[in-house]
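Asks: pasted the sequence and its predicted model underneath.
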Amino acid sequence: MTDGLYGAATRGDGLNRLAQFLPDAGQAYAAGRNTDHGPDQPGAVSKLSRYIRHRLITEQEIFTHVLDRHPAASAQKFLQEVFWRTYWKGWLEMRPAVWSRFLIECDRQRVAFLDSQAITDAEQGRTGIDGFDQWARELVDTGYLHNHARMWFASIWIFTLRLPWALGADFFLRHLIDADAASNTLSWRWVAGLQTTGKTYLATAENIARYTNGRFAPTGLSQTAVALTEPPVETVSELPDMMPFDANQPSLLLVTNEDMNPESLFSGNIAIKAACINADPDLLWGNTARRFVQTAAADTATRTSAHFNCAVDVSKTLDADTLISAAQAAGVRQIITPYAPVGPVADVLARIRPVLMDHNITLVQVRRKWDSQFWPHATKGYFAFKARMPAVLQDGNLS
């Protein structure tokens, strides 16, 4: 099944896409990454984000393949883009109340903002702003936008159309296949001047014309971008410690859309008696992402069954009753699952855990070494984070 313009929803497709991109991951990417050629044209960007977001392929795999092909200095622009997603996740992981604040703000703005027609026109591409309208329709049709187009779109939404930023972020969440709680929310906050206090991003007609090769020439864009304000963000908290688990104890493996590559996290020697691959549509915001994850779940089930030599069930509901029934059917008292970062899946697992405990079933999340090594450095801005990366990478063994 092909989903949108940029590949099907399997690990094999992600690896094929990576292989196709590798020759251009160096200077070609650096030179052309800012240009949005349009949805039906080739460009310099990798189009790997949907596979990374659901971890059908991992950041470590990408780094290994790219650095096998290119010197680090040549590929630094691309590798930095991969690091952005890691940075955003780490930043939000240590400030989880920012996610809760976003959800509350969405609900508040839906009620408080009275011009619902303006929101509808923006989402359906009926504003009359060249470029913006086409990007709105492209997003809905394909589940993807070039990163530069995302920045222009968010800036126009906030500063030209003067629409609530959280509803714009929600629009992206409902349609981007690669949207996660951290990257999407914090990128919109950055454009609005909330993430780096007072620093905004202003879309200009000249920049849009230049980096779309003259496809768009919008008029009437705001000439100023006054930063939005909010109460102070919570102070940084430490990453939670991971509960140890007994690899020899018979276990049920739970796989969610946050990490659909369990075979690279858990060895085949772990005592997995059965696996539940979850594709709960209520934990995804839009139909395009749901279709992608449903297909990815079937692919993940095939890989999981082969790797762990166990029975696998694909479930469309993530709740305590489903997991209790699956654990009891497998005759196990331990459920292990790849760590779910701040977002809807993590919220559900937090609610499920005490219910499982009441049934004498332990739920253990296992965080990848990549995340445990990099996330703690996301205490300040990205450039401070980036400066620490070479030393961390030298440690190796970050899968």
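Replies: On my side now, so go ahead.
Asks: show me where the stretch 201-350 of the chain has its strands.
Replies: Assigned by DSSP state E, counting those that start in this stretch, the strands in the stretch 201-350 of the chain fall at 251-255, 272-278, 311-315, 334-338.
Asks: can I get these in a markdown table including mean pLDDT, distance to His377 and mean neighbour count?
Replies: Bear in mind the C-beta positions are built from the backbone N, C-alpha and C, glycine included. Formatted as a markdown table, these follow (pLDDT from 0 to 100; distance: least, Cβ to Cβ, whole Å; neighbours: other Cβ atoms under 10 Å):
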| stretch | mean pLDDT | distance to His377 | mean neighbour count |
| --- | --- | --- | --- |
| strand 251-255 | 97 | 28 | 26 |
| strand 272-278 | 96 | 30 | 23 |
| strand 311-315 | 95 | 35 | 17 |
| strand 334-338 | 97 | 21 | 24 |
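Asks: closest to Arg210 out of the ones you listed?
Replies: Closest of the strands of the stretch 201-350 of the chain to Arg210 is strand 334-338, at 41.4 Å (criterion: Cβ to Cβ).
Asks: for that closest one, report the contacting residues that lie outside it.
Replies: 55, 245-246, 249-256, 258-259, 262, 265-266, 270, 323, 327, 349, 356, 361-368 (Cβ atoms under 8 Å, 6 or more residues apart in numbering).
Asks: can you check the pLDDT for Met243?
Replies: In this prediction, Met243 carries a pLDDT score of 84.
Asks: which phi and psi does it have?
Replies: In terms of degrees, to the nearest 10, the main-chain angles of Met243 are phi -70, psi 130.
Asks: count of residues packed around Gln20?
Replies: If you count neighbours by other Cβ atoms under 10 Å, Gln20 ends up with 12.
Asks: an error on my part: the question was meant for Leu79.
Replies: If we define neighbours as other Cβ under 10 Å, then Leu79 has 21 of them.
Asks: relative to Pro341, how far out is it?
Replies: Separation of Leu79 from Pro341 (Cβ to Cβ, to the nearest Å) stands at 21 Å.
Asks: do the same with Gln41
Replies: 33 Å.
Asks: okay, these two: which has more neighbours?
Replies: Ranked by neighbour count (other Cβ under 10 Å), Gln41 and Pro341 place Pro341 first, with 21 against 10.
Asks: surely that one meets Thr185?
Replies: No: in this structure, Pro341 is not within contact of Thr185 by Cβ atoms under 8 Å, at 12.0 Å.
Asks: shared neighbours of these two, anything?
Replies: Leu92.
Asks: out of the contacts of strand 334-338, which are buried?
Replies: Buried members of the contacts of strand 334-338, counted by 16 or more other Cβ atoms under 10 Å: 55, 245, 250-256, 258-259, 262, 265-266, 270, 323, 327, 349, 356, 361-368.
Asks: in helices, which of the residues you listed appear?
Replies: Of the positions in these, Leu323, Ala327, Leu349, Leu356 sit in helices, assigned by DSSP state H.
Asks: check the residue of the chain positioned farthest from its centre and give its pLDDT.
Replies: Computed with Cα atoms, centre = their mean, the maximum C-alpha offset from the centroid of the chain is found at Gly331, amounting to 34.0 Å. With respect to pLDDT, Gly331 scores 97.
Asks: Ile208 too?
Replies: In this model, Ile208 carries a pLDDT of 98.
Asks: quick check: it touching Trp152?
Replies: Yes: contact criterion Cβ under 8 Å: Ile208 and Trp152 qualify, at 5.7 Å.
Asks: still on that earlier bit, could I get the strands of the stretch 201-350 of the chain as JSON lines with distance to Asp299?
Replies: JSON lines is the format used below for these (distance: least, Cβ to Cβ, whole Å):
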{"stretch": "strand 251-255", "distance to Asp299": "11"}
{"stretch": "strand 272-278", "distance to Asp299": "9"}
{"stretch": "strand 311-315", "distance to Asp299": "10"}
{"stretch": "strand 334-338", "distance to Asp299": "16"}
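Asks: His148: which of the ones you listed is closest?
Replies: Closest approach to His148 among these (Cβ to Cβ): strand 334-338, 31.3 Å.
Asks: ok so, going back, between all of the ones in helices among the buried ones among the contacts of strand 334-338, which two are separated the most?
Replies: Most distant of those, by Cβ to Cβ, are Ala327 and Leu349, 14.4 Å apart.
Asks: list the buried residues for stretch 120-133?
Replies: Asp121, Ala122, Glu123, Gly125, Thr127, Ile129, Asp130, Gly131, Phe132, Asp133.
Asks: can you get me a residue count around the nearest residue to the third one once chain neighbours are set aside?
Replies: Same thing as Glu123. Distances taken as Cβ to Cβ, 6 or more residues apart in numbering place Phe171 nearest to Glu123, at 5.5 Å, with adjacent residues excluded. Residues near Phe171, counting by other Cβ under 10 Å, number 23.
Asks: before we move on, what about the one 4 residues further on?
Replies: Neighbouring residues of His175 were enumerated by other Cβ under 10 Å; the total is 23.
Asks: SS state for it?
Replies: Classification of His175 by DSSP: H, G, I helix; E, B strand; the rest coil places it in coil.
Asks: correct me, but it touches Val140?
Replies: Yes: at 5.5 Å, His175 counts as touching Val140 under the criterion of Cβ under 8 Å.
Asks: ok, the residue nearest to the spatial centre of the chain to Trp84 distance?
Replies: Geometric centre of the chain, nearest residue: Asp180, 3.3 Å, by Cα atoms, centre = their mean. Going from Asp180 to Trp84 by Cβ to Cβ gives 12 Å.
Asks: now for the helix or strand of the chain with the lowest mean pLDDT, which elements pack on it?
Replies: Ranking every helix and strand in the chain by mean pLDDT, DSSP states H and E puts helix 382-395 at the bottom, with a mean of 80. With contacts taken as 3 or more Cβ pairs under 8 Å, 6 or more residues apart in numbering; DSSP states H and E, helix 382-395 sits against helix 72-93, helix 369-374.
Asks: buried residues in the next helix or strand along the chain from the longest one?
Replies: Read it as helix 72-93. Downstream of helix 72-93, the next assigned helix or strand under DSSP states H and E is helix 97-112. Neighbour counts over helix 97-112 (16+ other Cβ under 10 Å) mark Val98, Trp99, Arg101, Phe102, Glu105, Cys106, Gln109 as buried.
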